[in-house]
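Enquirer: next comes the sequence, and after it the predicted model I'd like to discuss.
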Amino acid sequence: MNDDDWLMRQFKGVSNMIGTILNLKVSQLDLGIVEDEEGNLIKGEIYLENLLKSERFLEVNSFIKSKMKVLNFHEYTILIDYYIGYLSSLDSEILKKNQLDPKKIKEIEASLKQFEW
């Protein structure tokens, strides 16, 4: 076994654990009730999950930004961290299809963290 392989497995394990913790925390956030495209009222967490699965990232950005003044700073930071982690872990084909790269993901993160009145 190569030391590099072992180290990469350790990094992946820690990354998966952090992702699981962030997932749990996001599921505990109150993201309100949202009206979906069909006019159904659904939980914000489910709405967010549906947007992510559909790769509707511009809408995700807007949804998250709309929670800036609803959630406290800590909760809002958890939501951003979850989203940025999600984007960073996407398959390279999905990233390419959506014109995302590490630089663009950092720009999204900075935009979401920028306070707006």
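Expert: Good, I have the coordinates. Numbers count the residues shown, from 1 in each chain.
Enquirer: which residues touch the most centrally placed residue in the chain?
Expert: Geometric centre of the chain, nearest residue: residue 83, 1.2 Å, by CA atoms, centre = their mean. Shown in contact with residue 83 (CB atoms under 8 Å, 6 or more residues apart in numbering): 60, 64, 112. For glycine as for every other residue, the C-beta is placed from the backbone atoms N, C-alpha and C.
Enquirer: for the first one, which non-adjacent residue is closest in space?
Expert: Counting by CB to CB, 6 or more residues apart in numbering, the nearest residue to residue 60 once its immediate chain neighbours are dropped is residue 51, at 4.8 Å.
Enquirer: measure the one you found to residue 103 for me?
Expert: Using CB to CB, to the nearest Å, one obtains 22 Å as the distance from residue 51 to residue 103.
Enquirer: same question for residue 85.
Expert: When distances are taken as CB to CB, residue 85 and residue 103 turn out to be 17 Å apart.
Enquirer: who has more neighbours, those two?
Expert: Of the pair residue 85 and residue 103, residue 85 is the one with more neighbours under other CB atoms under 10 Å, namely 15 against 8.
Enquirer: tell me which element the more buried one falls in.
Expert: In this structure, residue 85 is located in helix 73-88 according to DSSP states H and E.
Enquirer: what does the next helix or strand after that helix rub up against?
Expert: Using DSSP H and E, the helix or strand that follows helix 73-88 towards the C-terminus is helix 92-97. Residues outside helix 92-97 that contact it (CB under 8 Å, 6+ apart): 55, 87, 100-101.
Enquirer: what comes up buried for helix 92-97?
Expert: Residues of helix 92-97 classed as buried by neighbour count (16 or more other CB atoms under 10 Å): residue 95.
Enquirer: quick check, the residue nearest to residue 60 in contact with residue 63.
Expert: Yes. With contacts counted by CB atoms under 8 Å, residue 51 reaches residue 63, the gap being 6.6 Å.
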